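Colleague: This is the structure alone, sequence omitted:
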């Protein structure tokens, strides 16, 4: 009995993702790319969905080549699509269903930011109206909410049949090890009371409030299906969202911590051990959280904050 307990608790047993099929929206770059590589390196088949076809093709080719050369079991499949549209959610679910009979986990991760304001320079109503009202467009709210909040709703329900098939069929030992799950990428900015942490974007904050707080509600509604819904709420990670650019592998290289108006009190892992090159959290930080959520059966309806302790320094309602 003791040897069985040890075997079941070993990382090779907990995190062996062979047989697992994952879908990651926004999976070509940023945090989506970090999620994708965590899954891929542990044996999963990963469908990544992105609007940038050139980056999608580059990332897919590069990582599949690396997987083949390393003799690893995982593989990556790229699909182009706009996750903010209901019709696209159905099309993408149908397309994934042509390649696989089931999906183990759906990561509703894709996100955009727009509609930032410049803080007023004086304490006058006119300056506040100019900063918060005149300079922020209706289109910015529409775009950001559609991708960051409405899209995850449409995708969750479009992919339910594939998630249910994983649960119902079991698919060998893997099906018993990992329950079907939807994981939302929210943000610390879904709970912040300090707009500077969002890059001064109310459209972005509103969208993250929405999906962050809807996660538990959707989890409750899906209880009869046995499909869990959890969330990730990142603080600062250097991504295309925070820097505006990504390289051919979907990685971003940003400025030092001092360039961001965000306090992070937790010490970072050294670069030589997999820590970040510049500011914020690392690929390793995201990977360890992703593997925990996939392998754990007992967490449901929760959003896990991964912010380096920033909310210990900035006011929030988390």
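Modeller: Now that the structure is in, tell me what you want to look at. Nothing here was measured: the structure is a model prediction, and the numbers come from that model.
Colleague: Contact partners for residue 162?
Modeller: Neighbour list for residue 162: 93, 96-97, 100-103 [criterion: CB atoms under 8 Å, 6 or more residues apart in numbering]. The way it works is simple: take the backbone N, C-alpha and C, and place the C-beta from them, glycine included.
Colleague: these two touch, right, residue 182 and residue 163?
Modeller: Yes: at 7.3 Å, residue 182 counts as touching residue 163 under the criterion of CB atoms under 8 Å.
Colleague: Touching both of those two, which residues are there?
Modeller: 106, 227.
Colleague: element containing residue 293?
Modeller: helix 283-295 (DSSP states H and E).
Colleague: ok, and for that helix, which residues are buried?
Modeller: Using 16 or more other CB atoms under 10 Å as the burial criterion, the residues of helix 283-295 that qualify are 283, 285-287, 289-291, 293-295.
Colleague: Out of those residues, which one has the lowest pLDDT?
Modeller: On pLDDT alone, residue 283 ranks lowest of the buried residues of helix 283-295, at 89.
Colleague: Wait, that residue touches residue 37, no?
Modeller: Yes: Residue 283 is within contact range of residue 37, at 6.7 Å (criterion: CB under 8 Å).
Colleague: Neighbouring strands - and their directions - for the next helix or strand after the helix holding residue 293?
Modeller: Next in sequence after helix 283-295, counting helices and strands by DSSP H and E, comes strand 303-306. Strand 303-306 has its sheet partners listed here by DSSP bridges as strand 228-234 (parallel).
Colleague: which other residues reach the strand it pairs with?
Modeller: Contacting residues not belonging to strand 228-234 are listed as 31, 156, 179-188, 190-191, 208, 211-212, 215-216, 218-219, 222, 281, 286, 289-290, 293, 299-307, 318 [CB under 8 Å, 6+ apart].
Colleague: redo that, cut-off 7 Å
Modeller: 31, 179, 181-188, 190, 212, 215, 218-219, 222, 281, 289, 293, 299-307 (CB atoms under 7 Å, 6 or more residues apart in numbering).
Colleague: Flag the shaky bits of this structure, pLDDT-wise.
Modeller: For the chain, the stretches flagged by pLDDT under 70 are 5-8, 169-176, 240-261, 269, 271-279.
Colleague: Over to the residue lying farthest from the centre of it: give its phi and psi.
Modeller: For the chain, the largest distance from the centre (CA atoms, centre = their mean) belongs to residue 124, which lies 39.0 Å off. Per-residue torsions, residue 124: phi -120, psi 150 (degrees, to the nearest 10).
Colleague: Any figure for the gap between residue 227 and residue 9?
Modeller: In this view, residue 227 and residue 9 are 25 Å apart by CB to CB, to the nearest Å.
Colleague: Ok, residue 17 next?
Modeller: Relative to residue 9, and taking CB to CB, residue 17 is found at 17 Å.
Colleague: And those two? Which one has more around it.
Modeller: Neighbour comparison, residue 17 and residue 9: the larger count goes to residue 17, with 28 against 9 (by other CB atoms under 10 Å).
Colleague: Enumerate every residue touching the more buried one.
Modeller: 39, 42-44.
Colleague: Of those, which is the most crowded?
Modeller: residue 39 (28 neighbours).
Colleague: How far off centre is the helix or strand that contains that residue?
Modeller: For residue 39, the host element (DSSP H and E) is helix 30-41. Distance, stretch centre to chain centre, for helix 30-41: 9 Å (CA atoms, centre = their mean, to the nearest Å).
Colleague: what does the helix or strand following that helix contact?
Modeller: Next along the chain after helix 30-41, taking DSSP H and E as the criterion, comes strand 45-50. Here strand 45-50 makes contact (CB under 7 Å, 6+ apart) with 21-28, 36, 39-40, 56, 74-81, 83, 92, 96.
Colleague: do stretch 184-200 as well
Modeller: So stretch 184-200 is in contact with 31, 107-109, 111, 113, 116-117, 119, 152, 204-205, 208-209, 211-212, 215, 231-235, 261-262, 303, 305, 307, 310-311, 314-318, going by CB under 7 Å, 6+ apart.
Colleague: Compute the first-to-last residue distance for that stretch.
Modeller: 22 Å (CA to CA, to the nearest Å).
Colleague: Give the buried residues for that stretch.
Modeller: 184-192, 194-195, 197-200.
Colleague: In this protein, what residue spans correspond to strands?
Modeller: Secondary structure of the chain (DSSP state E): strands at 21-25, 45-50, 75-80, 105-108, 181-185, 228-234, 303-306.
Colleague: Redo the ones you listed as CSV? Include distance to residue 133.
Modeller: Shown next, in CSV, are those (distance: least, CB to CB, whole Å):
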stretch, distance to residue 133
strand 21-25, 32
strand 45-50, 33
strand 75-80, 36
strand 105-108, 31
strand 181-185, 29
strand 228-234, 28
strand 303-306, 30
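Colleague: Having no further points to raise, I will conclude here.
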